[in-house]
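> The sequence and its predicted three-dimensional model are supplied below.
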Amino acid sequence: MADIYTSHDDENIVEQVKTYGFRTPKAPKYRVLRLALAKSLSMETPPDDDLDTLIGEGKEYSLEQVTGYGKSEDNSVLDYDDAVRAILSVYHNEDLFNSDVLYKKLLQRHIRRGLREIRTSWNRSHSFINWLREELILQSPLDNESTDKNTVTQENLEAALKEIGLTVQIKEIKQGIRLNKYALYLANIHHLDVLKKGLGKLSFRLGVPDDSVTLEIGSEAGIANLYIPRAPEFWRIVSSQRLHEWAATGRTEKLPVWLGCTIMGDDFSMDLAEAPHVLIAGATGSGKTVCLHSMLCSLLHTLTPSQVQFALIDTKGTEFSLYEKLPNLCGEKIARNILESSEILNALVDEMERRNQRFVQLGVRNYEEASMKTSLPRIVAVVEELADLLLQSRDLETPLVRLAQKARSTGIHLILATQRPDAATFSGLLRSNIPVRIALRVQKHTESNIILDQKGAESLLGKGDMLVKLTDRPDPIRLHGAKLTDDDIAQAISHYCQ
Ligand SMILES: Nc1ncnc2c1ncn2[C@@H]1O[C@H](COP(=O)(O)OP(=O)(O)OP(=O)(O)O)[C@@H](O)[C@H]1O
Ligand SMILES: [Mg+2]
């Protein structure tokens with residue numbers, strides 16, 4: 001008789017780990033279940049009881065497979081059912097030696113949560129061994145040694161500060177997603193200037209990337225916060241689970257977009273309708289496409305086809321292929337070459353004019369007023385590589401500029417991504433009409449200047465580390481994006497299509 005049941009989605013990830021993670025497709029499936037159990041047990045909060053609901057046909061497993069139950073008579077090493085029962089009993093504060101039913105139920109919940117975690121933070125193009133290392137070893141709260149190595153110690157920082165001429169009190173050390181925050185008390189106001197000037201030297205002395213130590217004036221008098229990055233193997237992964245949880249909170253924005261977590265791990269989102277257009281720029285591999293996925297998946301998780309529609313242009317690659325399944329793409333396909341891009345952009349300009357004429361007939365001034373009288377989806381147009389598009393056809397700048405100047409009031413919004421944030425790609429009228437800017441890591445501070453009107457993006461850590469400049473805040477805010485997988489995108493699309 002079976003003891004543990006899985007769903008269709010669970011089995012899907014089990015197959016993927018076996019095939020692409022272990023690279024030994026013949027390995028027994030229960031090995032993946034055991035790793036999933038370990039992952040779930042490394043989390044502090046108990047798994048939700050909604051994991052008891054199984055959607056889609058999966059598989060059945062016996063306790064013998066999962067915990068080696070019953071193998072003790074022949075070989076005591078193989079049966080660790082008692083050990084698992086003991087761990088779960090302590091974790092849940094229940095005596096699971098006296099309740100088989102509850103034991104199996106909790107075991108199944110943990111395994112299913114572990115599988116869901118694998119699904120959200122690993123994908124088959126990444127090393128599964130690295131995933132295990134990051135998720136099970138480095139993040140384990142019991143692993144004190146790596147936590148120590150992970151942090152610039154108080155003594156090291158004090159010694160480095162002394163070298164730049166400062167003797168200050170370190171009030172607090174906190175671990176963020178990729179950076180640690182050190183709250184320093186500066187007794188003398190002139191120490192602030194010394195600290196500002198000495199940041200480069202501190203990076204050098206502490207052995208962290210050039211200029212990666214940053215400073216923020218704290219909210220309490222006399223406190224300055226230093227942010228110092230950890231080595232990449234000690235970063236916490238921001239998984240798509242964060243986006244799902246944010247989306248489930250019932251968003252009230254017109255176009256809700258989740259961009260990632262702040263340095264200390266809080267969710268950060270914005271309303272694209274207020275933006276009203278966004279530029280995303282950064283060097284190759286900095287995380288632009290992943291950031292675009294995160295924006296699109298936010299909209300797909302929170303809105304319906306009658307509320308938002310998409311126009312997608314990707315002349316460079318096949319990054320948007322999964323979105324081909326969307327039921328109401330403008331032009332009914334993703335634009336993959338200049339001709340198709342030109343058709344879509346000109347069709348969007350026509351749609352903008354049509355909407356304006358309709359607004360006149362309805363006696364309204366803009367999209368907000370019109371949407372009270374008639375149903376009209378907002379349109380989000382995404383260009384995956386602006387520089388590539390304009391390099392192939394400079395003429396396309398004309399419809400883009402017209403949309404950037406006038407489309408907002410008709411409910412049409414642009415998200416433009418580019419690898420080359422040079423003046424030729426992002427100049428003049430386009431620049432002045434795209435107020436929200438997202439800078440991922442760039443090579444030079446001059447590129448940072450073009451995107452944000454200030455330097456800083458050249459010191460980012462890459463892989464979804466970003467500075468976001470909004471219209472209502474003077475300083476850019478630093479965020480770390482989530483690593484979304486193909487499964488996450490497929491899930492978002494099916495949510496939108498429901
Ligand atoms: N938020 C993130 N967290 C962790 N890793 C990330 C994140 N964003 C991106 N990465 C990693 O960086 C890689 C490159 O990201 P992405 O493809 O988005 O870069 P890109 O800027 O679009 O590059 P290109 O200009 O070459 O298209 C991803 O495959 C992933 O491994
Ligand atoms: Mg890309």
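Sure thing, it's come through. Numbering: from 1, shown residues only. Ligands and ions are numbered 1, 2, ... in the order given.

> What average pLDDT does the helix or strand where Lys171 lies get?
Using DSSP states H and E, Lys171 sits in strand 169-175. When pLDDT is averaged over strand 169-175, the result is 88.

> ok, residues contacting that strand?
The contact list for strand 169-175 (CB atoms under 8 Å, 6 or more residues apart in numbering) reads 150-151, 154, 157-158, 180-185, 187, 223, 264. Bear in mind the C-beta positions are built from the backbone N, C-alpha and C, glycine included.

> Retrieve the pLDDT associated with the closest residue to Glu135 other than its chain neighbours.
Using CB to CB, 6 or more residues apart in numbering and skipping the chain neighbours, the partner closest in space to Glu135 is Lys39 (5.8 Å). Looking at Lys39, its pLDDT reads 92.

> Compute the number of surrounding residues for Lys39.
Residues near Lys39, counting by other CB atoms under 10 Å, number 24.

> I figured Arg242 was touching Cys261, is that so?
Yes. Using CB atoms under 8 Å, Arg242 is in contact with Cys261, at 6.5 Å.

> Just the ones in helices from the contacts of strand 169-175, please.
154, 157-158 (DSSP state H).

> Buried ones among those?
Buried members of these, scored by 16 or more other CB atoms under 10 Å, are 157-158.

> now, which of the ones in helices among the contacts of strand 169-175 sits nearest ligand 1?
Nearest to ligand 1 among the ones in helices among the contacts of strand 169-175, counting by CB to the nearest ligand atom, is Leu157 at 26.5 Å.

> Could you pull up phi and psi at the residue in the stretch 101-250 of the chain that ligand 1 sits nearest to?
Relative to ligand 1, the nearest point of the stretch 101-250 of the chain is Val238 (6.1 Å; CB to the nearest ligand atom). Backbone torsions of Val238, given as degrees, to the nearest 10, read phi -90, psi 110.

> got it, and the one 10 residues further on?
Taking degrees, to the nearest 10, you get phi -80, psi 0 for the backbone angles of Ala248.

> Find me the pLDDT at it, would you?
Note for Ala248: predicted pLDDT of 89.

> and if you look at Glu117?
pLDDT, Glu117: 87.

> How about the one 5 residues further on?
At Trp122, the model reports a pLDDT of 82.

> List the contacts of it.
17, 21, 128, 131, 485.

> tally of neighbours for the fourth one?
Other residues within reach of Trp131 by the criterion other CB under 10 Å amount to 20.

> mind checking the SS state of it?
Classification of Trp131 by DSSP: H, G, I helix; E, B strand; the rest coil places it in helix.

> Tell me the neighbouring strands of the strand holding Lys171, and mark each as parallel or antiparallel.
strand 179-185 (antiparallel) (DSSP bridges).

> List the contacts of the strand it pairs with.
Outside strand 179-185, the residues that touch it by CB under 8 Å, 6+ apart are 151-152, 157, 161, 168-175, 195, 218, 222-230, 263-264.

> how about the helix or strand following that strand: buried residues?
For strand 179-185, the following helix or strand on the C-terminal side (DSSP H and E) is helix 191-197. Of the residues in helix 191-197, 191-192, 195 count as buried by neighbour count, 16+ other CB under 10 Å.

> wait, what's in contact with the closest residue to Leu386 other than its chain neighbours?
Among residues not flanking Leu386 along the chain, Thr418 sits closest, at 4.1 Å (CB to CB, 6+ apart). By CB under 8 Å, 6+ apart, the contact list for Thr418 reads 279-281, 288, 385-387, 425-426.

> Closest to Ala247 out of these?
Distance to Ala247, by CB to CB, is smallest for Ile280 among those, at 20.3 Å.

> these two touch, right, the closest one and Leu416?
Yes. Between Ile280 and Leu416 there is a contact under CB under 8 Å: 7.1 Å.

> Neighbour count for the two, which is higher?
With neighbours defined as other CB under 10 Å, Ile280 and Leu416 compare such that Ile280 has more, 29 against 24.

> neighbouring contacts of the host helix or strand of that one?
According to DSSP H and E, Ile280 maps onto strand 278-281. The contact list for strand 278-281 (CB under 8 Å, 6+ apart) reads 272, 288, 291-292, 295, 386, 413-419, 421, 426, 434, 436-440, 442, 447, 450-451.

> Tell me how this structure divides into domains.
Using automatic domain parsing, the domain parsing of the chain gives 4-142, 145-233, 240-497.

> quick one, which of those domains is packed in tightest?
domain 240-497 (a mean of 19; mean count of other CB atoms under 10 Å).

> End to end on it, go ahead and measure it.
19 Å (CA to CA, to the nearest Å).

> swap in stretch 14-21?
Termini of stretch 14-21 sit 10 Å apart (CA to CA).

> Give me the helix or strand of this structure that scores worst on average pLDDT.
helix 144-149 (a mean of 46; mean pLDDT, DSSP states H and E).

> how about the residues of this protein that lie near ligand 1?
Neighbours of ligand 1 within the chain, by CB under 6 Å from any ligand atom: 282, 284-290, 419, 463-464, 481-483.

> Tell me which helix or strand the residue lying closest to His495 once chain neighbours are set aside sits in.
Sequence neighbours aside, His301 is the residue nearest to His495 in space, at 5.5 Å (criterion: CB to CB, 6+ apart). Secondary structure assigned from DSSP H and E places His301 in helix 288-302.

> Please apply the same query to His126.
Per DSSP H and E, there is no helix or strand for His126.

> What's the separation between it and Ile118?
Going from His126 to Ile118 by CB to CB, to the nearest Å gives 11 Å.

> do the same with Asp81
Applying CB to CB, the value for Asp81 to Ile118 is 23 Å.

> related to what we said a few turns ago, a markdown table for the ones in helices among the contacts of strand 169-175, including pLDDT and distance to Lys71?
Output for the ones in helices among the contacts of strand 169-175, formatted as a markdown table (pLDDT from 0 to 100; distance: CB to CB, whole Å):
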| residue | pLDDT | distance to Lys71 |
| --- | --- | --- |
| Gln154 | 81 | 49 |
| Leu157 | 91 | 52 |
| Glu158 | 91 | 55 |
